[in-house]
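Colleague: Need a 3D model of the sequence below.
(2 chains)
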Amino acid sequence: MFRNTREGLALALPAAIFSTLLFILPVGILLSEAFRQGGSWSVQGYIDFFASPLNRTVFLRTLKLGVLVAGSAAIIGYAAAFCIVNLSPKARGRVFGMVVLPLMISPVARTYAWIVILGRTGIVNEAITGLGLSDTPIRLLFTETAVYLGLLQLFLPLMIISLVSAMENIPRDVIPAARVLGASWFAVFFKVILPLTKEGLVIGGTLVFTGALTAYITPAILGGSKVLMLETLLYQRVNVSNDFVSAGVIAMILIVMSFTANLLLKRIATTRS
Amino acid sequence: MRHLANWSILGLTLLFLIGPFVIIILAGTSAGNNLAFPPEGMSMKWYLKVFTIESFRTSFALSMALAVFGTLAALVMGIPAAYALNRYDLPGAETVRTIVAAPIIVPGIIIGLALLRYMVVPLDVTVTMALFMAHTALVLPYAVRVVSSSMQNLRVDMEEAAVLLGCSRMQAFTKVVLPNIRSGVLAAFILGFVTSFNQVPVSLFLSGPGVRTLPIDMLAYMEITFDPSIAALSALLAFMSLAIVFIAERLLGFSKYV
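Modeller: Numbers count the residues shown, from 1 in each chain, chains lettered A, B, ... in the order given. The predicted structure is shown next:
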């Protein structure tokens, strides 16, 4: 450790000042704008926002998709992570690489694949009409299911990565020991694996939930204006109706939800132990 | 039996994660004019057509420039900050950390909108400049975090020894610290590059007439046209990422930094 504080500050300040000017200040003003109404402070913007049925639907849909995607990712993530840590070291590295890889690829490209799969002339519809299950293609795009699938594919790797690194820290003999002593797989999961990996679950859960909540590309491409989520609603409000109060309100909701999710999950993790 | 169950779970998961890319690569090889799967015949015409679309070429160049220079600018600010946070007993170190990490926590679309409204419009900043600064701010947290974690593994006494043996503080940094955190810096660069290049929400509001990043341009294109060119372009971008990751993995075992 070096003692010269002034020198240290001089090194750290450019980054801190840049972030403050470019980020904290503008975002702060934007958030505070949602509390202004005709020159005085008020929460009218929030009341108006939640008075609209469309806004309420979008809010609840965003919350629902966030929970569903995070929940599904946790279930699939545990199964996949358990299999990955049981592989030989060489195979483990390869499979883990394949899980990480999609994270490096443009989300636009990743989401576009679902248009090819779910579109009118996509695989699923070709199969349905080909098998004679339906004469006309079924509308699969611009549905909540499409957005759900897109989000899950986008964020599942984050959950698997978090859970794999948590499971790698479980001592090797613990699970066989529990089995030998008569625990069912069900008990092994809830009494051994879950308590030992809950930190990974919290990290993964927060990443997936907030990721799904604040996603723009997936609802924009796969949901369109039929299945709006908070971010696509924000974009519409600004671009179509120049409504910056609503934009500030949505921004605040997104930030508060992300923070609450993080705190809540942390709380759950500490009370169970 | 256990083996079989293991591999079928992994197989299904990987199919879900990787399968869509295979489909998109194949959809790009279509000889027909409509996006369909299975593709109507085989040809490379869409892969070639992508290179002839003017707007993709300019937006690709812009995205590349933003990713390279934005990440470099973030490293220029981020490396000293990471160094200061690790090596000095700073009052308010926690505050600095929080401020620098903030852009990760807040949704990108909000950052973009706030910058547009309170910087670009009132201060008359050009769109390109605003995009550059926004991308720098976005990459900065990753630069600080990744460089920090590689600096933590480097013992302070090595630097002290260098100073005792006659190096100036600056020389100690360039001759001892920098070579030792090289792979961390490279990892931060790659991570920052990929983050910036693939970024959509921050650039959404900051794109002006004729100034668009590639992902934004793709979004605009697919709203009007329904041909396989976006599939071909997506596949090409996936290959580009693949190449970057492969090279990074070979050079420095990249996956441990992600």
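Colleague: tell me which element residue A:132 falls in.
Modeller: Using DSSP states H and E, residue A:132 sits within no helix or strand.
Colleague: which one is the residue in the stretch 151-258 of chain B that chain A sits nearest to nearest to, not counting chain neighbours?
Modeller: Chain A sits closest to residue B:234 of the stretch 151-258 of chain B, with a gap of 3.3 Å, by Cβ to the nearest Cβ. For glycine as for every other residue, the C-beta is placed from the backbone atoms N, C-alpha and C. Nearest residue to residue B:234, sequence neighbours excluded (Cβ to Cβ, 6 or more residues apart in numbering or on different chains): residue A:109, at 3.3 Å.
Colleague: returning to what we had before: pretty sure the residue of the stretch 151-258 of chain B closest to chain A is touching residue A:114, no?
Modeller: No. The criterion here is Cβ atoms under 8 Å, and residue B:234 misses it with residue A:114 at 11.4 Å.
Colleague: So for the two, which residue has more residues nearby?
Modeller: residue B:234 (29 against 24; other Cβ atoms under 10 Å in any protein chain shown).
Colleague: which ones are touching that one?
Modeller: Residues near residue B:234 by Cβ atoms under 8 Å, 6 or more residues apart in numbering or on different chains: A:106, A:108-109, A:112-113, B:24, B:28, B:218.
Colleague: Contacts only, for residue 109.
Modeller: As the question left the chain open, I've gone with chain A. B:21, B:24, B:233-235, B:237-238.
Colleague: my bad, the chain I had in mind was chain B
Modeller: Residue B:109 is in contact with A:214, A:216, A:231, A:234-235, B:201-202, B:204-205, counting by Cβ under 8 Å, 6+ apart.
Colleague: What does residue B:167 show for phi and psi?
Modeller: With angles defined as degrees, to the nearest 10, residue B:167 sits at phi -80, psi 150.
Colleague: excluding its backbone neighbours, what's nearest it?
Modeller: Closest to residue B:167 by Cβ to Cβ, 6+ apart is residue B:175, at 6.4 Å.
Colleague: Can you report how many residues neighbour the one you found?
Modeller: Residue B:175, neighbours per other Cβ under 10 Å, totals 14.
Colleague: Low-confidence ranges, the chain, go.
Modeller: Reading this off chain A. Chain A contains residues with pLDDT under 70 at A:1-3, A:38, A:271-273.
Colleague: Not quite, go with chain B.
Modeller: Using pLDDT under 70, the flagged stretches of chain B are B:1-2, B:252-258.
Colleague: Okay, helices next: where are they in it?
Modeller: For chain B, helices defined by DSSP state H occupy the ranges B:2-27, B:45-52, B:54-87, B:93-105, B:108-115, B:121-123, B:127-152, B:156-164, B:169-172, B:178-180, B:182-198, B:201-206, B:214-224, B:229-252.
Colleague: Adding distance to residue A:196, write those out as CSV.
Modeller: What follows is these, written out as CSV (distance: least, Cβ to Cβ, whole Å):
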stretch, distance to residue A:196
helix B:2-27, 20
helix B:45-52, 48
helix B:54-87, 31
helix B:93-105, 27
helix B:108-115, 34
helix B:121-123, 52
helix B:127-152, 24
helix B:156-164, 34
helix B:169-172, 43
helix B:178-180, 34
helix B:182-198, 29
helix B:201-206, 36
helix B:214-224, 39
helix B:229-252, 29
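Colleague: out of those, which comes closest to residue A:19?
Modeller: helix B:93-105 (5.0 Å; Cβ to Cβ).
Colleague: okay, the angle between that closest one and helix B:54-87?
Modeller: Counting by axes from the mean of the first three to the mean of the last three Cα atoms, to 10 degrees, helix B:93-105 points 160 degrees away from the direction of helix B:54-87.
Colleague: what about the helices in the stretch 101-250 of chain A?
Modeller: A:107-118, A:123-130, A:144-167, A:174-180, A:185-187, A:194-213, A:217-218, A:230-241, A:244-271 (DSSP state H, counting those that start in this stretch).
Colleague: most packed of those helices?
Modeller: helix A:217-218 (a mean of 28; mean count of other Cβ atoms under 10 Å in any protein chain shown).
Colleague: Which strands and helices lie in contact with that one?
Modeller: helix A:107-118, helix A:144-167 (3 or more Cβ pairs under 8 Å, 6 or more residues apart in numbering or on different chains; DSSP states H and E).
Colleague: what would the ones you listed look like in CSV with distance to residue A:71?
Modeller: Below are the helices and strands packed on helix A:217-218 laid out as CSV (distance: least, Cβ to Cβ, whole Å):
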stretch, distance to residue A:71
helix A:107-118, 20
helix A:144-167, 10
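Colleague: so which of these comes closest to residue B:94?
Modeller: helix A:144-167 (24.1 Å).
Colleague: tell me what the closest one is packed against?
Modeller: Looks like helix A:144-167 contacts helix A:53-85, helix A:89-100, helix A:107-118, helix A:194-213, helix A:217-218, helix B:2-27 (3+ Cβ pairs under 8 Å, 6+ apart).
Colleague: Next, the buried residues of the helix or strand encompassing residue A:10.
Modeller: Under the criterion of DSSP H and E, residue A:10 resides in helix A:5-19. Under the neighbour-count criterion of 16 or more other Cβ atoms under 10 Å in any protein chain shown, helix A:5-19 has A:8-9, A:11-13, A:15-16, A:18-19 buried.
Colleague: what residues does stretch B:180-189 touch?
Modeller: Stretch B:180-189 is contacted by residues B:71-72, B:75, B:78-79, B:142-143, B:146-147, B:149-151, B:154, B:158, B:178, B:248, B:251-252, B:254, B:257 when judged by Cβ under 8 Å, 6+ apart.
Colleague: related to what we said a few turns ago, ok, the residue nearest to residue B:234 to residue B:194 distance?
Modeller: Computed as Cβ to Cβ, to the nearest Å, the residue A:109 to residue B:194 distance reads 13 Å.
Colleague: One more: residue B:218?
Modeller: 16 Å.
Colleague: Tell me how many other residues crowd the residue lying closest to residue B:210 once chain neighbours are set aside.
Modeller: Counting by Cβ to Cβ, 6+ apart, residue B:58 is the residue found nearest to residue B:210 once chain neighbours are left out, at 7.7 Å. Using other Cβ under 10 Å, residue B:58 has 15 other residues around it.
Colleague: Which residue comes closest to the closest residue to chain B within the stretch 151-273 of chain A once chain neighbours are left out?
Modeller: Closest contact between the stretch 151-273 of chain A and chain B, by Cβ to the nearest Cβ, is at residue A:214 (3.9 Å). Distance criterion Cβ to Cβ, 6+ apart; nearest residue to residue A:214, sequence neighbours excluded, is residue B:107 at 3.9 Å.
Colleague: gap between stretch A:6-16 and the chain center?
Modeller: 33 Å (Cα atoms, centre = their mean, to the nearest Å).
Colleague: Would you list the phi and psi of residue B:228?
Modeller: The phi/psi pair for residue B:228 (degrees, to the nearest 10) is phi -70, psi 0.
Colleague: So it is in contact with residue B:48, correct?
Modeller: No. If you go by Cβ under 8 Å, residue B:228 and residue B:48 don't touch, sitting 11.7 Å apart.
Colleague: Show me which of these two is the more surrounded one.
Modeller: residue B:228 (32 against 11).
Colleague: Using CSV, please lay out the contacts of residue B:234 together with distance to residue A:254.
Modeller: Output for the contacts of residue B:234, formatted as CSV (distance: Cβ to Cβ, whole Å):
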residue, distance to residue A:254
A:106, 23
A:108, 21
A:109, 25
A:112, 25
A:113, 26
B:24, 30
B:28, 35
B:218, 24
